[in-house]
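> Next input, structure requested:
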Amino acid sequence: MKTDIRLLFLTGGLAAAIASCSSPKAEGYQIEGKITDVPSGTIYLKCYQNGQFNTIDSTTITDGNFVFKGQSKEPLVYGLTTIEKSRRPLTFLIGNETVQATLNESEKSIEITGSTFNDTYARNEQVADFNTIDSLISKDPASPANAYLFARNCAPQMDYTQVNEYRQKFAASLNGTEYINQIDTLLSQLKNLQVGAVAPDFTLPDTEGNPVQLSSLRGNYVLIDFWASWCPDCRKENPNVVAAYNTFKDEKFKILGVSLDTKKEPWINAIEKDNLTWMHVSDLKGWDSDIARLYVIKWIPRNYLLDPDGVILTSGLEGEALTQKLQEIFKK
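Numbers count the residues shown, from 1 in each chain. Alright, predicted model coming up:
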């Protein structure tokens, strides 16, 4: 019996097509979740991008169960929370894969299975700090987990030289990824905030709503003081700043207080209560302030001391350091 070769090609192609349709290649991620302390309600999926956790999806919790589906171009850090505006969700790192998530929000615990990316993240997150980040990166320079941990936890508290040194240690395969891009953006910002650079100019409204431009204070030594009424460390530091101001205010020394408050009343009350008699400005956007981003403010209090030409002399002067620096400048 003769076999028609055309029939073999036809049936073979048909079989391949059927197999292709019946077994599609998995794409995207799927998070199969179980929350043990919240049986019903809404749960939010956040993703750490552009330096903060943003809500990208939400779904209903039914009998403690929920599912999220989506796609990502690369492994990223996600967070789960039942509080829509939370900045501290329970975090994990996954790529386009199916994982199981078990969490207890009241106990601040989460367990992820099914992701090798998260295995690395969960292990390194427990130990990543200034003392260990160098060894973590050196051990695995191509890890997106290490890029995230450095970008979020370490880099914002380093100067340009330090961040640039660590940046060079990451593998080229990470170039263009989210967390390496964040590090590169930070480097660009920090380059403008180095000692010897002219401080980035800005304009913000004062307590009466009148615009105040930083460069209008040229001709004076200026302390840009980032703080907020709700910040206990700022309030503890204020007496030191007051003492320095009262000593040198007649020596061409000015302070521009930049508040990260979101409400005007507590801001004004704190100014009066703490006797902060210098100029104050704020856009009342809190951590979302464009000026806070411009100056890479990740914690407060934080300050920059400028010379009469607006050039950065130093930063981070706290306690007696501010008075000592001003004594050096004014020879008092």
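
> C-alpha only now, for contacts and for neighbours.
Will do.

> tell me the contacts of Val258?
By Cα atoms under 8 Å, 6 or more residues apart in numbering, Val258 lies in contact with 224-227, 280-282.

> Redo the residues you listed as JSON lines? Include neighbour count.
Rendered in JSON lines, the data for those read as follows (neighbours: other Cα atoms under 10 Å):
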{"residue": "Ile224", "neighbour count": "20"}
{"residue": "Asp225", "neighbour count": "23"}
{"residue": "Phe226", "neighbour count": "23"}
{"residue": "Trp227", "neighbour count": "24"}
{"residue": "His280", "neighbour count": "22"}
{"residue": "Val281", "neighbour count": "22"}
{"residue": "Ser282", "neighbour count": "27"}
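
> any chance of these in TSV, with pLDDT and secondary structure too?
Written out in TSV, the entries for the contacts of Val258 read as follows (pLDDT from 0 to 100; DSSP: H, G, I helix; E, B strand; the rest coil):
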residue	pLDDT	secondary structure
Ile224	98	strand
Asp225	98	strand
Phe226	98	strand
Trp227	98	strand
His280	98	strand
Val281	98	strand
Ser282	98	coil
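
> Tell me the one of these nearest Gly176?
Proximity of the contacts of Val258 to Gly176, judged by Cα to Cα, is greatest for Phe226, which lies at 31.8 Å.

> so Asp233 touches Glu318, yeah?
No - with contact defined as Cα atoms under 8 Å, Asp233 does not reach Glu318; the gap is 10.6 Å.

> could you pull out the strands for the stretch 1-150 of the chain?
For the stretch 1-150 of the chain, the strands identified by DSSP state E, counting those that start in this stretch occupy 29-35, 40-49, 52-62, 65-70, 76-81, 90-94, 98-104, 109-113, in order along the chain.

> Can you name the residues in contact with the fourth one?
Going back to what we said before, that points to strand 65-70. Outside of strand 65-70, the residues that reach it under the criterion Cα under 8 Å, 6+ apart are 28-35, 39, 45, 57-60.

> Can I get the residues you listed in CSV including distance to Glu208 and neighbour count?
Written out in CSV, the entries for the contacts of strand 65-70 read as follows (distance: Cα to Cα, whole Å; neighbours: other Cα atoms under 10 Å):
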residue, distance to Glu208, neighbour count
Gly28, 51, 13
Tyr29, 50, 18
Gln30, 51, 18
Ile31, 49, 19
Glu32, 52, 16
Gly33, 50, 20
Lys34, 50, 22
Ile35, 48, 23
Pro39, 48, 13
Leu45, 40, 22
Asp57, 40, 13
Ser58, 40, 18
Thr59, 43, 14
Thr60, 45, 15
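
> Of all pairs in those residues, which one is the farthest apart?
Comparing all pairs in the contacts of strand 65-70 by Cα to Cα, the longest separation belongs to Gly28 and Pro39, at 26.7 Å.

> mind listing what the closest residue in space to Ala155 that isn't next to it in sequence touches?
In space, Ala155 comes closest to Val163 once its chain neighbours are excluded; the distance is 5.8 Å by Cα to Cα, 6 or more residues apart in numbering. Listed by Cα under 8 Å, 6+ apart, the contact set of Val163 reads 155, 183, 187.
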